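1. sequence and predicted structure, then a few things I'm wondering about:
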Amino acid sequence: TLAAGARPDQLGPASVCLSAQPEQGVWPAVPDAGVNLGCQPVGATPAEYAVRLDPAALPPASGGTLLLRITSAPWVPAAEDPRQTDQRAVGVQFGGMTVAP
């Protein structure tokens, strides 16, 4: 479940890119070891987005854990609206995930 939240119109629609890789007990994980799951636009309100991952595309994870990487272009509220004081770089909101067989 993802949402772009109160994103200024001048920034255009938000989008996220997803990738997955087996967790090997080392953090941070090797960024090049993942499987690209694609990019998609994200709306302002929370919604579920489905991605498919072929288990054969990843080597087995020793602990059975998969890392999901969510990337989006960040923006700074204070840079977009001079009335704001929020200097954080914000992206999209992650509301959780479910795994379907």
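-> That came in fine, so what should we check first?
2. now do the contacts for the residue most central in space within the chain.
-> The centroid of the chain falls nearest to Ile70 when counting by C-alpha atoms, centre = their mean (2.1 Å). Each residue near Ile70 by C-beta atoms under 8 Å, 6 or more residues apart in numbering is listed here: 2, 16-18, 92, 94. To be clear about C-beta, it is placed using only N, CA and C from the backbone, and glycine gets the same treatment.
3. could you look up the SS state of it?
-> Here Ile70 is strand, with the state taken from DSSP: H, G, I helix; E, B strand; the rest coil.
4. that one pairs with what?
-> Residues in a beta bridge with Ile70, per DSSP bridges, are Leu18.
5. quick one: the closest residue to Trp75 other than its chain neighbours from Ala3, how far?
-> Counting by C-beta to C-beta, 6 or more residues apart in numbering, Trp75 lies nearest to Leu11, which is 5.6 Å off, once chain neighbours are set aside. Applying C-beta to C-beta, to the nearest Å, the value for Leu11 to Ala3 is 15 Å.
6. and for Ala47?
-> The value you get for Ala47 to Ala3, if C-beta to C-beta is used, is 7 Å.
7. who's more crowded, the two?
-> Using other C-beta atoms under 10 Å as the criterion, Ala47 and Ala3 rank with Ala3 on top: 17 against 12.
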